[in-house]
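Asker: Predicted model follows, preceded by the sequence.
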Amino acid sequence: MNGFTHYDSPRAKCSSSPVSGPELRGCAEVPKVSVLIPTYNYSRYIKEAIESVLNQTYQDFELIIVDNCSTDNTKEVVEQYTNKDIRIKLIINNVNIGMYRNYNKALLLANGEYVKFLNADDKFNEKCLEIFVGILDANQDVAIVTSYRQFFGAKDDILKPKLLGLINKEKAILEALKHGNWIGEPTTVMFRRKYLYGGLFDVSLLMFADFDMWLRQLEHGDLYICDEVLSYFRIHNEQGTAYLNNNIDKNLFNKLQQSMYTINGLLFNRFIINIFDKHPEAYRQLINKNSDNICKNIWKSKYWHSKFFYLRPLKIFLWYIYGGLRLLTGRYKW
């Protein structure tokens, strides 16, 4: 057993037989784009996501749906499409392997030159693939392309990245370290599959493995940002971010982990830029800001105010001392 079940059209393989109609549509040896939909119990949303892919003005794609052992009728909904279009494949995990491991399984199944994720509760603008493919084809030095995105459902705000157009990779990385993941969620970003030799999503990161992936992709090329809304991000009470925000312990851990991730990345020069030498002021500000965030979040935690806080892992106490020393010795060189 390989841990998953593979469903696709009975005619999923291209052949030399004279075939016509929708079954042959998009049949190519290697698709230009792999659209990947990881899903879990989103049968009520996934039809809208699939339709937004099929309605694209650019049609050279494969659509791979990886169901993380859903308990609803996701399989039945998706099979309505796999039976009609050979570009669509459904893989069902026999056990739930977690969100980012499911993302990684989808990546390993991709065949296209470019990769475009779509969360099962989100959707694309009909020109999304056409515009993104055009940018990557025309700009070989670009590793990632993203755009404006718009909330729908409980909100309708438009999220606009800080910058526009072609952004040098060093500037993109530095701005991301300063301001967080303004590049976008997986639904918003397209990247080149050939750069995945740098690694898949880091499953040890609680809620920002996508941010880490974008930084690693940017080691290989620049960032391009479109000033159009090309993806739509659904806001509802059952999404993972809503669960995180409602879970105090996980929320705290995520904030601490992200601050430590940034500090460690700077100290060990994990990012392509030598920030200490090239941007010393930004380096100092990032170290101080994230050290301060660690102290504040530990102070706000329920463990710190418990009279038994000293029984918690020694690492938490050391983090607090470490941050305090940084604040007291602002000119200390790492």
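Answerer: That came in fine, so what should we check first? Residues are numbered from 1 along each chain as shown.

Asker: For Trp319, give me the pLDDT.
Answerer: On the pLDDT scale, Trp319 is placed at 66.

Asker: and if you look at Leu63?
Answerer: Leu63 is assigned 98 on the pLDDT scale.

Asker: Surely it and Ser52 touch.
Answerer: No - applying Cβ atoms under 8 Å as the test, Leu63 and Ser52 come out as separate, 10.7 Å apart. For every residue, glycine as well, the C-beta is placed using N, CA and C.

Asker: Please identify which of those two sits among more neighbours.
Answerer: Higher neighbour count among Leu63 and Ser52: Leu63, with 25 against 19, using other Cβ atoms under 10 Å.

Asker: Can you pull the phi and psi angles for the more buried one?
Answerer: When read as degrees, to the nearest 10, the backbone of Leu63 gives phi -120, psi 110.

Asker: could you pull out the strands for this structure?
Answerer: Taking DSSP state E as the test, the strands found in the chain are 4-8, 33-39, 61-67, 88-93, 114-117, 123-124, 142-153, 158-159, 165-167, 190-192, 222-235.

Asker: TSV please, covering those and showing distance to Ile273.
Answerer: Converted to TSV, these look like this (distance: least, Cβ to Cβ, whole Å):
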stretch	distance to Ile273
strand 4-8	39
strand 33-39	29
strand 61-67	34
strand 88-93	38
strand 114-117	24
strand 123-124	32
strand 142-153	15
strand 158-159	25
strand 165-167	13
strand 190-192	19
strand 222-235	13
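
Asker: Name the helix or strand of the protein that has the lowest mean pLDDT.
Answerer: Among the helical and strand segments of the chain, the one scoring lowest on mean pLDDT, DSSP states H and E is strand 4-8, with a mean of 54.

Asker: What separation do you get for Asn246 and Asn237?
Answerer: Per Cβ to Cβ, to the nearest Å, Asn246 is found 9 Å from Asn237.

Asker: Look at the residue lying closest to Glu219 once chain neighbours are set aside and report its pLDDT.
Answerer: Closest residue in space to Glu219, ignoring its immediate chain neighbours: Ile272 at 4.4 Å, by Cβ to Cβ, 6 or more residues apart in numbering. For Ile272, the model assigns a pLDDT of 82.

Asker: give me every residue that touches Ile272.
Answerer: When contacts are counted by Cβ atoms under 8 Å, 6 or more residues apart in numbering, Ile272 touches 169-170, 173, 218-219.

Asker: Then Asn104?
Answerer: 200-201, 203.

Asker: Take those residues and write them to a markdown table, including distance to Phe268.
Answerer: Below are the contacts of Asn104 laid out as a markdown table (distance: Cβ to Cβ, whole Å):
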| residue | distance to Phe268 |
| --- | --- |
| Leu200 | 21 |
| Phe201 | 20 |
| Val203 | 20 |
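
Asker: I'd like to know which of the residues you listed are buried.
Answerer: For the contacts of Asn104, a burial check counting by 16 or more other Cβ atoms under 10 Å picks out 200-201.

Asker: which of the contacts of Asn104 lies closest to Asp157?
Answerer: Closest approach between these and Asp157, by Cβ to Cβ: Phe201, at 26.4 Å.

Asker: Give me the distance between that closest one and Val115.
Answerer: Counting by Cβ to Cβ, the gap between Phe201 and Val115 amounts to 12 Å.

Asker: what do those two both touch?
Answerer: Leu107.

Asker: got a list of what Lys194 touches?
Answerer: So Lys194 contacts Glu113 (Cβ under 8 Å, 6+ apart).

Asker: what's the distance between Lys171 and Ile37?
Answerer: Taking Cβ to Cβ as the measure, Lys171 falls 32 Å from Ile37.

Asker: Pull the number of nearby residues for the closest residue to Tyr42 other than its chain neighbours.
Answerer: Once flanking residues are discounted, Tyr42 sits nearest to Ala120: 4.0 Å by Cβ to Cβ, 6+ apart. Using other Cβ under 10 Å, Ala120 is surrounded by 28 other residues.
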